[in-house]
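Novice: Sequence plus the predicted model coming up.
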Amino acid sequence: MAESAPGDSPATAFSVALLGEFVRLGVRDVVLCPGSRSQALALACAELERIGRIRLHVRLDERGAGFLALGMAVETGVPALVITTSGTAVANLHPAVLEAHHSGVPMILLTADRPDELRGIGSNQTTVQPGLFGGAVRLSVDEPAPVGGSGEQRGALALARRALEAAAGIKSTGITSTGIRPAGPGPVQLNLAFREPLSSAVTLTGDEPPAEADPPASARPEADRPASDRPLAVAAGPRTVVIAGHAAGPAAEEFARAGGWPLLAEVSSGARFGPTLVAAYRELLRDPDFGGRIERAIVFGHPTLSREIPALLQRGDVEAIVVASPGAERYNPGHRVAHFAAAARPDEEAAAAAATPEAREWLGRWVMTSRQILAADPALAAAPIDERGIGRAELAFMRAPVTRPMLVDTLWRASWPHDRLVLGASRLIREADSRVPGKKISVHANRGLAGIDGTVATAIGIALAGQAGPDPRSTGTTRLLLGDLALLHDAGSLLLAPGEPLPRLQVIVGNDGGGSIFDGLEVAASAPAAALDRVLFTPQRVDLSALASAYGWEYSRAATRSELERALTGPPRGPSILEVPLAR
Ligand SMILES: Cc1ncc(C[n+]2csc(CCOP(=O)(O)OP(=O)(O)O)c2C)c(N)n1
Ligand SMILES: [Mg+2]
């Protein structure tokens, strides 16, 4: 593919072939971290970017780089490549690998390593990289250093294809010490040994013929669905609810509508909309007159935000059916799930039964009561109206300090279908989950493991991938809502070097000076307050305005309702931070 020159490095020839094949198969985003051992890959990427074949994102911190790639794949459905040097650089990918594994997001890591002869002898920056991620990767290959042999480039092409198939979950990749590797999209590690000379000059013209005559496979993961995984036909019958956990997607809404069943949809389910939605599901699940009467629950996605849902599914008098759980583990609270299925639909009788008076009464009560609960929420009361203009009551209303319910409600109202909303792991996602009404908008959260790490990087990945395409959605704004500790945990991801594409991202920080989520734990009622503060709340007093300015991000602050509304309704902008002070 490359023009050859004397003194060519096999590392470069291999890297060009491997990356070229990834591009040919549809990969577009590459996240690259600097390092010496990976230089052949890095320089080949610079060339591929120069000729317009990839979108290259260069990041210093591998931990953030992993989450950036995760965010991109969440948005596009296509894995991004992450390239690192050897040693601790590789270990820094682990948090994002675990999140991708548990949430079923594809990702391909190209980790540079020393060749065999330099391993296990105390060489600089050399550890045991193969297998580092254990059972969290769909495929782990330790590729020997290329030596310039004849079949090497073809081998590189085959490796790219194998990696993509494994990341997409198209093929199960055999038995390991941890058992059969799970299918479904997830992370893949290609550990690539390189020997000196670590690179040579590379020039690509963009006219290189396809390296192989095979028809291009798609990089977009297709569901790995054997023929036996026909949709489960769900019969009419018991009093049923449909639960949409994280990433359930629109299939959950469609299913609930077809069966005429109440839809209990979490905020990041992708199914929080539609005529059968029960947004105030937590209150109702606790109510014996509602939750207490449920006889069957059909779960889509991965519920993580409430205690009520796992409690319901463990009840002896409730039949639990779990459909298309994303990620590596099937959702199975208390090991009480009766059936697992890849997909489901109400059978004909069930669809017809949706119109019976009993079914309509069951659904109607859930939906109407949920709407009444939301309507009675004092935090969401509308502005008082004074016919003679802006009165005192309205002024007071607009000057009211921002509260958590006000924050999530205003943000929800400011979001449109072409926007993307990303929610960090904190009190605020729970606040949103407990009160925002139905709306068909794109909401993401890292709920695979619900870490507070990598949140900024994930949102940048979603924003960059979202704004790159020709899709009308590419005109929207990405907004990230997170707590102060989650922001500080990933402050390094604010680093956008000169020349890097700038995300159209507004980071909204609910700043209550520490981890106030812990104030809601039972232990907060009994443990000494000072101890709780020191070891759980963990106070911080970082000057967020100075932090933003240090990294060159626009900064503003909204302490009242009117300031918040203004800050959330402006035109789309570049990277900005909005600080919202919140009472603990
Ligand atoms: C990587 C990681 N470390 C620790 C935790 C435990 N944890 C959950 S929430 C939280 C504090 C969050 O604080 P903040 O972001 O300020 O949100 P708040 O609860 O104050 O709204 C911590 C430390 C976690 N989820 N992930
Ligand atoms: Mg906080």
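Specialist: Yep, it's here. Ligands and ions are numbered 1, 2, ... in the order given.

Novice: From here on, just use CA atoms for contacts and neighbour counts.
Specialist: Fine.

Novice: Now do the spatially closest residue to G131 that is not a sequence neighbour against ligand 2, distance only.
Specialist: If you skip the residues right next to it in sequence, G131 has S140 as its closest partner in space, 6.5 Å away by Cα to Cα, 6 or more residues apart in numbering. Relative to ligand 2, S140 is positioned 38 Å away (Cα to the ion, to the nearest Å).

Novice: which strand residues sit across from S140 in the sheet?
Specialist: Beta bridges link S140 to Q189, judged by DSSP bridges.

Novice: correct me, but it touches P187?
Specialist: No: here S140 lies out of contact with P187, judged by Cα atoms under 8 Å, at a distance of 9.2 Å.

Novice: which residues sit in contact with the residue nearest to G131?
Specialist: Taking Cα atoms under 8 Å, 6 or more residues apart in numbering as the criterion, S140 is in contact with 130-131, 188-191.

Novice: Tell me which residues touch the single nearest residue of the stretch 1-150 of the chain relative to ligand 2, please.
Specialist: For the stretch 1-150 of the chain and ligand 2, the shortest gap (Cα to the ion) falls at G64, measuring 20.6 Å. Going by Cα under 8 Å, 6+ apart, G64 touches 454, 457-458, 490, 492-493.

Novice: just to confirm, which helix or strand has it in it?
Specialist: For G64, the element it lies in under DSSP states H and E is helix 62-76.

Novice: what helices or strands is the next helix or strand after that helix leaning on?
Specialist: Heading C-terminal from helix 62-76, the first helix or strand you meet, by DSSP H and E, is strand 81-84. Other elements packing on strand 81-84 under the criterion 3 or more Cα pairs under 8 Å, 6 or more residues apart in numbering; DSSP states H and E are strand 29-32, helix 62-76, strand 107-113.

Novice: what's next to the helix or strand following strand 81-84, contact-wise?
Specialist: Downstream of strand 81-84, the next assigned helix or strand under DSSP H and E is helix 88-91. By Cα under 8 Å, 6+ apart, the residues outside helix 88-91 that reach it are 62, 84, 111, 125, 129, 132.

Novice: one more time with 6 Å
Specialist: Around helix 88-91, the neighbours that count as contacts under Cα atoms under 6 Å, 6 or more residues apart in numbering are E62.

Novice: Please shift the residue numbers so they start at 469 in all later answers.
Specialist: Shifting the count to begin at 469 puts that one at helix 556-559.

Novice: Can you tell me the SS state at whatever residue of the stretch 669-818 of the chain ends up closest to ligand 2?
Specialist: Of the residues in the stretch 669-818 of the chain, the one nearest ligand 2 is L773, at a distance of 17.4 Å by Cα to the ion. The three-state label for L773, taken from DSSP: H, G, I helix; E, B strand; the rest coil, comes out as coil.

Novice: For it, which non-adjacent residue is closest in space?
Specialist: Across the structure, with Cα to Cα, 6+ apart as the measure, the residue nearest L773 apart from its sequence neighbours is R898 (6.4 Å).

Novice: now L1050
Specialist: With Cα to Cα, 6+ apart as the criterion, L1050 has its nearest non-adjacent residue at 4.9 Å, and that residue is D980.

Novice: and stretch 756-772, how far out from the chain's middle?
Specialist: Counting by Cα atoms, centre = their mean, to the nearest Å, stretch 756-772 is centred 25 Å from the centre of its parent chain.

Novice: so which strand or helix has S902?
Specialist: If you go by DSSP H and E, S902 is part of helix 895-903.

Novice: For stretch 550-557, measure first residue to last.
Specialist: 11 Å (Cα to Cα, to the nearest Å).

Novice: coming back round to it: and A864, which of the helices and strands packed on strand 549-552 is closest to it?
Specialist: When the helices and strands packed on strand 549-552 are compared by Cα to Cα, helix 530-544 sits nearest A864, at 40.0 Å.

Novice: for the record, mean pLDDT for the closest one?
Specialist: Computed over helix 530-544, the mean pLDDT rounds to 98.

Novice: I766 - that's part of a helix, no?
Specialist: No: under the criterion used here (three-state DSSP), I766 is strand, not part of a helix.
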